[in-house]
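S.K.: compute the structure for the input listed below.
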Amino acid sequence: PAKAGSLGYQLRTNLDKAKNYNESSLSLSTLLSHAGLSSSNGNSNAPLSPPIDLATTYERPADGNYGENGLIYSRSCNPTRKLLEDAIGQLEADHGQIAPTFAFSSGMAAVASLLLAQKAPVKVLVPEDIYHGVPTQLHVCLNDHGIVHESVDMTNTNDIRQTIEDHVEKDINADDGTLVVWMETPSNPLCQVTDIRSVCAVVDDVRCQNANADIITVVDSTWAPPVITQPLLLGADTVIHSGTKYLGGHSDVLLGTISCSPNNETGESIAERLKSVQTSIGAVASPLECWLTLRGLRSLHVRVERQCQTAMKLATYLDGHEDVVQVHYPGLVSHPQHATAKRQMAMYGGMLSFEVKNESMAMAVAGAVSIIRRATSLGGTETLIEHRASIEPPERRTSPPGLLRMSVGLEDANDLMYDLSVALDIASQVCGSIDT
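M.R.: Numbers count the residues shown, from 1 in each chain. Just a heads-up that it's a prediction; the model follows:
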């Protein structure tokens, strides 16, 4: 029996080699299911859960030579972090490729590191609708270091082109400065969808016409993990994720990632500088956070599929409710960028937001839910609801006062619809009593 097992393994190995069948032949869901696993090579007891390497330093060989890939200090390289970076790099790139990927201690640490990796002076074009933490970081912290920003409607390709061309004409001198075109799609909290391919095509066109223009494209795809959208395959130079959200998926991870395109010089150049920033600044993801994210990746495809299905049901229900003024969800045909979402998203996402008549009613709805939890963040197994305007800085508030944002979890859709139905009824009563 033992000889038969070994022979079977060898014949299968030879067959796969002859057919050039390897990991690059596998679907995204299969790659996710095996995230972080090493091959047993048929003759070892390989662990089916990757180890957590907590060591910060490693013994130096007697001859003093660490070797090209030798481990020295965990700030520069950690085996658990490397497993995660390679796993995500594989998800973001085309079959057979691995996009250079870097894991940071949080999504916001990833944002700062990416901007610090650019040649100064730096100007960032950000969407008008964006997670408020990004413009807050730019305004409060990075502005003092010469990194400025400007808001633009990222759903209007003509406006983007005009803004970029104006900047190139006025602000960029030869070999001096960087323009960062920052996309966030779907956006937080209005679920606006940016046409990644079209924006990247505009940037490429401007680059061709202005050889000295240093312009990079960034896509914050936190709301659309790789099973939904792969921005590098649509032409982006880099893609950023708050791994705290869908990648981790269990509300127990603080982590951010950046992946760079392996298919263009801009992506390769950014990867080199990012590695330097990651090592020098040291805002690296911890081994435990990396391990937890690897664990989360294994169920990402089934979690997101269920969350998207339920989100569509809830969006449809809310869209027909008399007390709901507007629903923001890319899967609805009425969504202004539905056609773009249909082209570039495999599913429409697990995030939605909806508006009621005023802030008091919104707070009443949030107060009256029972199954749904009142909390910030997103992407976990539990459904969350949040009144966004009340936690955003007043001077940089982007959310309408009556808006509630929902991160859809894994609960039964009927239970969630019932919870919202009761909460909306109670909120109507509460607001009616206040008005009288």
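S.K.: what's near enough to touch residue 255?
M.R.: Listed by CB atoms under 8 Å, 6 or more residues apart in numbering, the contact set of residue 255 reads 103-107, 242-244, 247-248, 285, 289-290, 293. All C-beta atoms are positioned from the backbone trio N, CA, C, and that covers glycine.
S.K.: 10 Å instead?
M.R.: Residues near residue 255 by CB atoms under 10 Å, 6 or more residues apart in numbering: 81, 84, 103-107, 109-110, 241-245, 247-248, 284-286, 289-290, 292-293, 296.
S.K.: next step: those residues restricted to helices.
M.R.: Counted as lying in helices by DSSP state H, out of the contacts of residue 255, are 81, 84, 107, 109, 110, 289, 290, 292, 293, 296.
S.K.: and those, which is closest to residue 179?
M.R.: Nearest to residue 179 out of the ones in helices among the contacts of residue 255 is residue 110 (CB to CB; 19.5 Å).
S.K.: per-residue pLDDT, that closest one?
M.R.: Looking at residue 110, its pLDDT reads 98.
S.K.: what's around it, how many residues?
M.R.: 27 (other CB atoms under 10 Å).
S.K.: identify the residue nearest it in space, chain neighbours excluded?
M.R.: Take residue 110 and drop its neighbours on the chain: the residue closest to it by CB to CB, 6 or more residues apart in numbering is residue 256, 3.2 Å away.
S.K.: surely that neighbour and residue 106 touch.
M.R.: Yes - at 5.2 Å, residue 256 counts as touching residue 106 under the criterion of CB atoms under 10 Å.
S.K.: out of the two, which sits in the busier spot?
M.R.: A count of neighbours by other CB under 10 Å puts residue 256 above the other of residue 256 and residue 106, at 28 against 19.
S.K.: quick one, helices of the stretch 51-200 of the chain?
M.R.: Along the stretch 51-200 of the chain, the stretches classed as helices by DSSP state H, counting those that start in this stretch are 79-92, 107-116, 133-140, 157-170, 196-209.
S.K.: got the buried residues for the fourth one?
M.R.: So that's helix 157-170. Buried residues in helix 157-170, counted by 16 or more other CB atoms under 10 Å: 160, 161, 163, 164, 165, 167, 168.
S.K.: pretty sure residue 117 contacts residue 276?
M.R.: Yes - judged on CB under 10 Å, residue 117 makes contact with residue 276 at a distance of 7.5 Å.
S.K.: between those two, who's got more neighbours?
M.R.: Counted by other CB under 10 Å, residue 117 and residue 276 do not tie: residue 117 has more neighbours, with 25 against 12.
S.K.: which ones are touching the more buried one?
M.R.: Residue 117 is in contact with 102, 178, 216, 238, 258, 260, 269-278, 281, counting by CB under 10 Å, 6+ apart.
S.K.: all strands of the stretch 301-436 of the chain, in order?
M.R.: Assigned by DSSP state E, counting those that start in this stretch, the stretch 301-436 of the chain shows strands spanning 326-328, 351-355, 373-374, 384-387, 403-407.
S.K.: if I look at residue 235, how far off is residue 180?
M.R.: Note on residue 235: its distance to residue 180, by CB to CB, to the nearest Å, is 15 Å.
S.K.: gap between the closest residue to residue 369 other than its chain neighbours and residue 371?
M.R.: Taking CB to CB, 6+ apart, and ignoring the residues beside it in sequence, residue 369 has residue 423 as its nearest neighbour in space, at 4.7 Å. For residue 423, the distance to residue 371 equals 10 Å [CB to CB].
S.K.: A helix includes residue 217, no?
M.R.: No - using DSSP: H, G, I helix; E, B strand; the rest coil, the assignment for residue 217 is strand, not a helix.
S.K.: neighbours around residue 321, how many?
M.R.: Residues lying near residue 321 (other CB under 10 Å) number 15.
S.K.: just to revisit the earlier point, tabulate the strands of the stretch 301-436 of the chain (a markdown table), appending mean pLDDT, mean neighbour count and distance to residue 303.
M.R.: Listed next are the strands of the stretch 301-436 of the chain as a markdown table, based on pLDDT from 0 to 100; neighbours: other CB atoms under 10 Å; distance: least, CB to CB, whole Å:
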| stretch | mean pLDDT | mean neighbour count | distance to residue 303 |
| --- | --- | --- | --- |
| strand 326-328 | 98 | 20 | 22 |
| strand 351-355 | 98 | 25 | 13 |
| strand 373-374 | 98 | 14 | 17 |
| strand 384-387 | 98 | 22 | 14 |
| strand 403-407 | 98 | 24 | 12 |
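S.K.: all good on my end, thank you.
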